[in-house]
Structures are given as C-alpha cells and as structure tokens.
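Asks: the sequence isn't on hand, but the structure is:
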C-alpha cells in the first residue's frame with residue numbers, strides 16, 4: 001500500500017507569524033541607550049546611579065519620543081541622555097536651579113534651566129545646527145564624578161568644567177570618543193589619576209588646562225603627537 005504525504009489543515013503558502021512586539025516607553029529608551037552606551041546599558045541597573053536617574057527623567061518627564069526613528073530625534077535622545085547623566089552625576093540638582101560661584105542665581109534671557117525645552121537652550125550648553133559643541137560649566141558648584149556618558153557628545157569641541165569640586169578620574173571614554181575636542185579645561189578641581197598615552201587620540205586639541213588638580217605621574221610623551229596643541233597648563 002502506498003500512502004500519500006501527510007497533510008495538515010494549514011493553507012499552502014502560510015507560515016507562523018510572530019506578533020508585533022510593542023515596547024513600553026521605558027523599554028524603548030532602555031533598548032536605544034543600551035545600543036549606544038559603551039557598557040551596553042549595564043549602568044542602567046544601578047538604581048542610585050546618574051544613568052538610571054537620566055533614564056527615569058527621559059521616561060517620566062521628557063517629551064522626546066523614543067519610537068521616532070529619524071536621525072534628528074535619535075541625536076536629541078543621545079544628547080539629552082548624555083547631558084542628563086552629567087547633570088545627575090555632578091549637580092545634585094543645582095543645574096535645575098543653577099547658581100554662580102558666589103551663590104547668586106544666574107538668569108539669562110536666552111537660556112533655560114536644564115531639563116526644560118531643547119537641550120541647546122540649557123545653561124552652559126552651546127550648539128551649532130542643533131548639535132552640542134561646547135559645554136561651559138565653570139564655577140557652577142558642581143561636585144561628584146564625570147560620567148562616561150559625556151563621551152556620547154561626540155561633536156564636543158570645548159569642555160570647560162573648571163573651578164568646581166569634581167573628583168575622581170577622567171573617564172577613558174573621553175580619550176577614545178571625543179575626537180573633535182579642541183579645548184579641555186578642568187583646572188581647580190579634585191580630579192586625580194594619571195594622563196594616559198591615549199590622549200594622543202584627541203589630535204585636534206589646542207588647549208589642555210588641568211592645573212590645580214591632583215594628577216600624578218609624568219606627562220606622557222605621546223602628548224608631543226598633538227600637533228595642534230598650543231597651550232598646556
């Protein structure tokens with residue numbers, strides 16, 4: 001007896017279709033941040049860390065839509081996450097109600113407190129065509145450690161965090177990722193550690209000012225490869 005092939009009730013040409021997975025707003029942000037972060041998003045698991053606080057602000061307070069796939073929108077998420085991580089890592093809330101080094105409120109007509117409006121209007125943030133290129137937060141009572149997410153601002157040209165109470169080391173991500181950096185001004189802080197040979201990767205640097213900090217060890221010989229460097233303090 002010859003048996004024919006077994007058949008099923010499933011129509012020909014059909015296959016199992018997986019249902020579309022709709023991410024929650026929080027999951028959408030986590031997915032995006034995990035893909036852009038140097039640590040794959042593991043820092044988001046630290047509930048007391050600045051990265052988690054930045055995530056929660058984006059989810060609960062911000063108007064940016066994580067599901068919008070346009071390049072301009074993704075750039076805004078990157079910039080806001082990086083800046084908010086810096087805010088929660090260094091300011092303890094002071095950037096939301098920022099003061100100058102003498103305890104007086106700073107009120108500028110064209111700038112808003114952090115977390116309000118477009119990030120290019122936040123105090124100390126300067127942009128060109130919507131892209132953050134300068135961060136000028138000198139003498140603003142900042143304290144804490146610089147988060148590695150600062151390196152997500154890949155078009156940053158000027159970083160000035162001088163005359164604050166910032167401690168810890170300079171994250172390695174800054175040396176690896178901020179290749180557009182022209183000026184790094186960190187003087188008069190509690191920063192320590194050594195200056196690594198990887199500083200040569202910042203080959204557009206014209207000014208390095210790290211005086212009145214607690215760095216140790218010799219200046220690496222690789223700093224001589226910074227052909228644009230004009231000032232080293």
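Replies: Received it, and whenever you're ready, just let me know what you need. From a predicted model like this one, the values you see are computed outputs, not experimental measurements.
Asks: just the strands in the protein please.
Replies: Shown for the chain, the strands assigned by DSSP state E span residues 125-128, 131-136, 143-145, 158-160, 165-168, 183-185, 190-193, 207-209, 214-215, 231-232.
Asks: what does the fifth one contact?
Replies: Applying Cβ atoms under 8 Å, 6 or more residues apart in numbering, the set of residues contacting strand 165-168 from outside is 90, 141-146, 186, 189-193. The C-beta positions use only the backbone N, C-alpha and C, and glycine is treated the same way.
Asks: again with the fourth one
Replies: Outside of strand 158-160, the residues within contact range by Cβ under 8 Å, 6+ apart are 126, 133-138, 150, 178, 181-186.
Asks: cool, and the third one?
Replies: For strand 143-145, the surrounding residues in contact (Cβ under 8 Å, 6+ apart) are 50, 89-92, 164-169.
Asks: from these, pick the one nearest residue 26.
Replies: Taking Cβ to Cβ as the measure, residue 26 lies nearest residue 50 of those, at 17.1 Å.
Asks: which residues touch the closest residue in space to residue 202 that isn't next to it in sequence?
Replies: Nearest non-adjacent residue to residue 202, counting by Cβ to Cβ, 6 or more residues apart in numbering: residue 181, 5.1 Å away. For residue 181, the contact set (Cβ under 8 Å, 6+ apart) comprises 156-159, 174, 202, 204-205.
Asks: tell me the pLDDT of residue 181.
Replies: We have a pLDDT of 98 for residue 181.
Asks: and what of residue 114?
Replies: pLDDT, residue 114: 85.
Asks: tell me, how many residues neighbour it?
Replies: 25 (other Cβ atoms under 10 Å).
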